[in-house]
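Colleague: Just a sequence and a predicted model for now, questions to come.
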Amino acid sequence: MLTVAGSDSGGGAGIQADLKTMLALGVHGMSVVTAVTAQNSLGVQGAWELPVEAVRAQYRSVVDDIGVQAVKTGMLASVELVEAVAELIAGTDAPAVVDPVGISKHGDSLLAASALDSVRTKLLPAATLATPNLDEVAQLTGVRVESESDLREAAAAVLSYGPEWVLIKGGHLPGDAVDLLTDGTEEHWLRARRHDNRHTHGTGCTLASAIASQLAKGQSVPEAVAAAKEYVTGAIAAGFALGGGIGPVDHAWALRPQAGPGTPSA
Ligand SMILES: Nc1ncnc2c1ncn2[C@@H]1O[C@H](COP(=O)(O)OP(=O)(O)O)[C@@H](O)[C@H]1O
Ligand SMILES: Cc1ncc(COP(=O)(O)OP(=O)(O)O)c(N)n1
């Protein structure tokens, strides 16, 4: 499986979260790095994009020789990278999970405002599944979700840009962690108990790469999302208290059920 995303030096989100998730779920992980961030549990201290040429070359190297069963996209940073990646995934015969990463949990921008229109008109139409969080829904569609009852309106607004499926992540709402998956016909509500654990850095990347990993194994979109929700919920429950701020989820939780949550060493 292939992730096209930014690097998080702290290892909680981005490429690092994606590769750990793929390993935990038993698929071969490959990566196209779009940007490098200096990032830790306190926030993003710096970000540098790679040239479009470097992103295209990484993608072609992997796809033309090894092949891919599923692609996941994350931080794309700029108009140029969004448009190049949209073209690459549209030309690849594999399901694409698009996580339209806009802003980190700490409020740091990971996408230029000027790129929003390209996300709407080029990237989302190339997606098998888009997985926006509530801030990204607001940025992309103007719909402000304040409760579970607004999730349908948000899903319809995102679907109008052309992805086959959308998963609206309600993780930022109070109460249970409820997400809505729909293709405009079928509706699947995914509900998990909210874990009162502040160490949730990387939840969105982890969920999207878990979904793509399950798609790579041949599951349908609803099956892949259900399995991925279970994986991310376990990873949040076991989250690590690393650093002085918001620590990462525990990507390896399912590999060491005996160890119990929250006992890692950096
Ligand atoms: N505290 C929590 N307990 C359980 N599940 C959560 C919690 N926070 C988020 N989730 C779930 O984690 C997944 C990622 O959602 P979210 O955190 O909203 O994404 P993002 O990282 O993109 O902001 C969703 O399935 C959401 O419901
Ligand atoms: C390099 C990089 N990519 C994406 C994100 C956002 O990740 P996400 O899973 O949404 O987690 P939070 O930032 O919300 O904790 C990132 N931070 N860095």
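Modeller: Here it is on my side, so go on. Ligands and ions are numbered 1, 2, ... in the order given.

Colleague: element containing residue 81, please.
Modeller: helix 79-90 (DSSP states H and E).

Colleague: in that helix, what counts as buried?
Modeller: 79, 80, 81, 82, 83, 84, 85, 86, 88, 89 (16 or more other CB atoms under 10 Å). C-beta here means a position set from N, CA and C on the backbone, and glycine is covered the same way.

Colleague: ok, it near ligand 2 or not?
Modeller: No. Judged by CB under 6 Å from any ligand atom, helix 79-90 and ligand 2 are separated, with a smallest distance of 12.6 Å.

Colleague: Check which element follows that helix along the chain.
Modeller: strand 96-98.

Colleague: all strands of the stretch 51-200 of the chain, in order?
Modeller: 71-73, 96-98, 129-130, 165-169, 177-182, 187-192 (DSSP state E, counting those that start in this stretch).

Colleague: Roughly how far does the closest residue in space to residue 74 that isn't next to it in sequence sit from ligand 1?
Modeller: Of all residues not flanking residue 74 in the chain, residue 5 sits nearest, at 3.1 Å (CB to CB, 6 or more residues apart in numbering). According to CB to the nearest ligand atom, to the nearest Å, residue 5 stands 12 Å off from ligand 1.

Colleague: pretty sure residue 22 contacts residue 215?
Modeller: No. With contact defined as CB atoms under 8 Å, residue 22 does not count as touching residue 215 (11.8 Å).

Colleague: Output the strands of the stretch 51-200 of the chain as JSON lines; include the columns mean neighbour count, mean pLDDT and distance to ligand 1.
Modeller: JSON lines is the format used below for those (neighbours: other CB atoms under 10 Å; pLDDT from 0 to 100; distance: least, CB to the nearest ligand atom, whole Å):
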{"stretch": "strand 71-73", "mean neighbour count": "29", "mean pLDDT": "98", "distance to ligand 1": "13"}
{"stretch": "strand 96-98", "mean neighbour count": "30", "mean pLDDT": "98", "distance to ligand 1": "12"}
{"stretch": "strand 129-130", "mean neighbour count": "28", "mean pLDDT": "98", "distance to ligand 1": "12"}
{"stretch": "strand 165-169", "mean neighbour count": "27", "mean pLDDT": "98", "distance to ligand 1": "4"}
{"stretch": "strand 177-182", "mean neighbour count": "21", "mean pLDDT": "98", "distance to ligand 1": "3"}
{"stretch": "strand 187-192", "mean neighbour count": "15", "mean pLDDT": "97", "distance to ligand 1": "5"}
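
Colleague: Ligand 2 is nearest to which of these?
Modeller: Nearest to ligand 2 among those is strand 165-169 (9.1 Å), distances taken as CB to the nearest ligand atom.

Colleague: Please work out which residues outside the closest one touch it.
Modeller: The contact list for strand 165-169, computed with CB atoms under 8 Å, 6 or more residues apart in numbering, reads 128-134, 137, 145, 151, 154-155, 158-159, 179-183, 190, 204, 207, 211, 221, 225.

Colleague: tell me, how many neighbours does residue 196 end up with?
Modeller: 6 (other CB atoms under 10 Å).

Colleague: Show me which residues of stretch 43-56 are buried.
Modeller: Buried-residue list, stretch 43-56, by 16+ other CB under 10 Å: 43, 44, 47, 49, 50, 55, 56.

Colleague: Ligand 2 contacts on this protein?
Modeller: So far as CB under 6 Å from any ligand atom goes, the chain lies against ligand 2 at 5-8, 13-14, 37, 39, 74-75, 101, 104-105, 110, 201-205.
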